[in-house]
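Q: Please find the sequence and the predicted model below.
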Amino acid sequence: MPKHKLPRKSTHIDMTAMCDVAFLLLTFFMLATKFKPDEPVVVKTPSSISDIIMPENSILLTVDPQGRVFFDYDNKKAKAILIDKVNTEKGLNLTDAEKESFKKGASFGLPFNQMKGYLAIDPINQKNYSFTGIPIDTVYTPDVNELAYWVQAARYAGQEAGAPPRICIKCDASTVYPRVKDVIKTLTKNEIDRFNLVTSLEAIPAGSAAALERDAPTPAASAPKTN
Amino acid sequence: MAEIDTSGGGKKGPGVKKGKKLSTRIDLTPMVDLGFLLITFFIFTTTMSKPKTMEIMMPSDKKIEEKDKTKAKDYCTMTVLLSKEHRVYYYIGLADDPLNPPKVEVTYFQNKNGIRDALIAHKKKVYEERMNGAPGHKPDDEPVILIKPDVNSQYEDMVNILDEMQINGISTYAMIDITDVDKGFISATEAANTGN
C-alpha cells in the first residue's frame, strides 16, 4: 500500500499586512498626540473621586505651594486676541515676535511690568525665569487686581474666538488655604461661580453612597435613601 | 550570512548538498509585536495624561434680597471646620445661640471613624427625623453641610472635604468664610484636648 501523504501546509502567516496596520496606527497616534508644554512649577494635586476630564479650551490657573499664581490658556487663537488686548490696554509695547512668543508659550506668572522682558527671552529659556506669580490684590476689580484682569481679558478673548473658556484651578495639595481663597475670591467677585479644580483620580471607597450610585445607575439610586 | 555552517566542510554523503535557496521572506511577527506595544503605550499615555477635574460651584457673590436667601435650618446643618495638621472639627447646628454652644468634635480624614462616618451619621439622622415626622421637620429636609476652612488649613483638606460630599452623596453644601466664633470653638477644643 502506498502511503498517502497529506501535503503539509505551512503554519506561517504573512504578517506584512498586520505590520502595516500596526505602524499606520502607531503613526496616527504619534501625530495626534499633543506634547505637554513645559510647566514652570511642579504641582502635586490632591486626589478626589471625580473623573470629569479637564475641558478643552480652558484657562488654567496654577497655584504652587508658595502661593504664586500662574496663568495658562490652551487656545492659541484666543491667546493671540488676548495679547493684543493686553498690549494696547496696558501699554506694553510688545513687538510681533514677542506676541508670537506669548502665543506659543506655556504657563507664566508675572506682573505686567515684567511681561516684555520675559517675552523677549528665548522660548527655551523662558521656563527658567524667576517668576513671582501674578499679583492678586485684596481689591478684586480687574483694573487693580492683575489676576482678575487676566481672567476677564481671557474670557473676552475666548468669546471673540468663538469659544467661551472654562476656568480650572490647579493647586498644590500643601498650599495654605488663604492663598487658594484669594484666587477663588478673585473669581467669585467677578461673577465666576462655577469652575473646575484639577485633581488626580482615586478609587471610590467601597460601600459609600457614591459607590452605590455607580453600581446601580438607576433613578432610584440617586433618590434619597430613607433607611 | 548569520548562520554558521556546521556541516564540517567535508563531503557527507554521496550527493553533495546544493546551497539552499534562501527565502527572501522575513518573519514579521516581532515587528508587529513591537508596533502594537508602541501603540498601546501611546494610547495609554495620551488618555492617562488628561487631567481629571472636580466641578465646584461657589455661593454667588451677588447681593441677594433677604427673602430670597436660603436659610439653613439648625437641625439639618452640620458645620465642618478645617484646621491645621489636617484636623477636622465639626458640630451639629448653626451655633447661633451663644448661651448654648454646640458640642464640637475633632477628627481626621480617614476611612474609619473619621469625618466620613460623622457625615453619614448626620445624613441618616436627618432622613430618619424626616421619616418619623419629628416636630418642626419638613418632609423635604436635606442635610446641609457648611464648610469653613481656617487660615492654617491646606488646599488638600478643602478638596478632601468636597470629595467627601461627593462620596457620601450630600448635595447641599457650601464653602464659606470662618467666623471668630468658630475659631473660638477650635481653640477651646484644642485647649480641652491638650489639658487631658
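A: Looks like it came in fine.
Q: Report the buried residues of the longest helix out of those in chain A.
A: The helix spanning the most residues in chain A, taking DSSP state H as the definition, is helix A:16-32. Residues A:18-19, A:22-23, A:25-26, A:29 are the ones in helix A:16-32 that count as buried (16 or more other C-beta atoms under 10 Å in any protein chain shown). For every residue, glycine as well, the C-beta is placed using N, CA and C.
Q: okay, it in PDB with CA atoms only?
A: Only the C-alpha atoms of helix A:16-32 are listed here, as PDB (Å, rounded to 0.1, in the frame of the first residue of the first chain):
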ATOM      1  CA  THR A  16       3.100  42.000   6.400                       C
ATOM      2  CA  ALA A  17      -0.500  43.300   6.300                       C
ATOM      3  CA  MET A  18      -0.700  43.200  10.100                       C
ATOM      4  CA  CYS A  19       2.600  45.000  10.400                       C
ATOM      5  CA  ASP A  20       1.300  47.700   8.000                       C
ATOM      6  CA  VAL A  21      -1.800  48.200  10.100                       C
ATOM      7  CA  ALA A  22       0.200  48.400  13.300                       C
ATOM      8  CA  PHE A  23       2.500  51.000  12.100                       C
ATOM      9  CA  LEU A  24      -0.200  53.000  10.400                       C
ATOM     10  CA  LEU A  25      -2.000  53.200  13.800                       C
ATOM     11  CA  LEU A  26       1.300  54.000  15.500                       C
ATOM     12  CA  THR A  27       2.000  56.900  13.200                       C
ATOM     13  CA  PHE A  28      -1.500  58.200  13.700                       C
ATOM     14  CA  PHE A  29      -1.200  58.100  17.500                       C
ATOM     15  CA  MET A  30       2.200  59.700  17.400                       C
ATOM     16  CA  LEU A  31       0.900  62.600  15.200                       C
ATOM     17  CA  ALA A  32      -2.300  63.000  17.100                       C
END
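Q: A:V198 - that's part of a strand, no?
A: Yes - secondary structure of A:V198 (DSSP: H, G, I helix; E, B strand; the rest coil): part of a strand.
Q: all helices of the chain, in order?
A: You didn't say which chain, so I picked chain A. Under DSSP H, chain A gives helices at A:16-32, A:76-90, A:96-104, A:112-119, A:146-160, A:177-189, A:209-215, A:219-222.
Q: The chain in question should be chain B.
A: Using DSSP H, helices in chain B cover B:29-49, B:115-132, B:155-167, B:180-195.
Q: Export the ones you listed to a markdown table and append columns for distance to chain A.
A: Putting the helices of chain B into a markdown table (distance: least, C-beta to the nearest C-beta, whole Å) gives the following:
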| stretch | distance to chain A |
| --- | --- |
| helix B:29-49 | 3 |
| helix B:115-132 | 6 |
| helix B:155-167 | 4 |
| helix B:180-195 | 13 |
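Q: and among these, the most buried is which?
A: Ranked by mean neighbour count, the helices of chain B are led by helix B:155-167 with a mean of 23 (mean count of other C-beta atoms under 10 Å in any protein chain shown).
Q: could you give the angle of that one to helix A:177-189?
A: 60 degrees (axes from the mean of the first three to the mean of the last three C-alpha atoms, to 10 degrees).
Q: tell me how far helix B:155-167 is from the chain's mean position?
A: Mean C-alpha position of helix B:155-167 versus that of the full chain (C-alpha atoms, centre = their mean, to the nearest Å) differs by 6 Å.
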